[in-house]
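A.B. asks: Fold the stuff below for me.
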Amino acid sequence: HVQLVESGGGSVQAGGSLRLFCTVNGSIKRGSLCVGWFRQVPGKEREGVAAIDSDTVTTRYADSVKGRFTISQDNDKNTVYLEMDSLRYEDTAMYYCAAKARSCSQWNGYNNWGQGTQVTVS
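C.D. replies: I've put the predicted structure just below:
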């Protein structure tokens, strides 16, 4: 079990950039851990955005963010980042960091969640 704390959300104009931070309480190199970013708007299902395997550093992205978002990790800081560029109005959502001790190949199975950070694009 790990604890996750998100930060870095805020308001930005369309075309701008934001970086989200997910601090993992517990080493992200302690075994293979998949850390993902999800987003949700009221009335819609939660959507997987990006994920990274802490061991292989393999990444995956939703089609809607490919080429615009980049997920990365800093092992020394136990932090996973989500760099969001060329933001669009439709990227507005609450963004959540999540983790699971399984492969990142599926968007389900995450059993550790942060509280979320709001991103608003106008």
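A.B. asks: Run through this protein and note the low-pLDDT ranges.
C.D. replies: Applying pLDDT under 70 to the chain picks out residues 26-31.
A.B. asks: Who does the strand or helix carrying residue 51 pair with, and is each partner parallel or antiparallel?
C.D. replies: Applying DSSP states H and E as the criterion places residue 51 in strand 47-53. Each strand pairing with strand 47-53, determined using DSSP bridges, is listed with its direction: strand 34-40 (antiparallel), strand 59-61 (antiparallel).
A.B. asks: of all the ones you listed, which lies closest to residue 70?
C.D. replies: Comparison of the strands paired with strand 47-53 against residue 70 by Cβ to Cβ identifies strand 59-61 as nearest, at 8.2 Å. Backbone N, C-alpha and C define where each C-beta goes, glycine included.
A.B. asks: tell me the contacts of the residue nearest to the spatial centre of the chain?
C.D. replies: For the chain, residue 37 is the residue whose C-alpha lies nearest the centre (Cα atoms, centre = their mean; 2.2 Å). Contact analysis of residue 37 by Cβ atoms under 8 Å, 6 or more residues apart in numbering lists 20, 22, 48-51, 71, 80, 82, 95-98.
A.B. asks: ranges for the strands of the protein?
C.D. replies: Per DSSP state E, the chain has strands spanning 3-7, 10-12, 18-25, 34-40, 47-53, 59-61, 69-74, 79-84, 93-100, 112-113, 117-121. These are given in chain order.
A.B. asks: can you redo the ones you listed as JSON lines with distance to residue 106?
C.D. replies: Rendered in JSON lines, the data for the strands of the chain read as follows (distance: least, Cβ to Cβ, whole Å):
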{"stretch": "strand 3-7", "distance to residue 106": "19"}
{"stretch": "strand 10-12", "distance to residue 106": "30"}
{"stretch": "strand 18-25", "distance to residue 106": "19"}
{"stretch": "strand 34-40", "distance to residue 106": "9"}
{"stretch": "strand 47-53", "distance to residue 106": "9"}
{"stretch": "strand 59-61", "distance to residue 106": "10"}
{"stretch": "strand 69-74", "distance to residue 106": "16"}
{"stretch": "strand 79-84", "distance to residue 106": "18"}
{"stretch": "strand 93-100", "distance to residue 106": "9"}
{"stretch": "strand 112-113", "distance to residue 106": "15"}
{"stretch": "strand 117-121", "distance to residue 106": "24"}
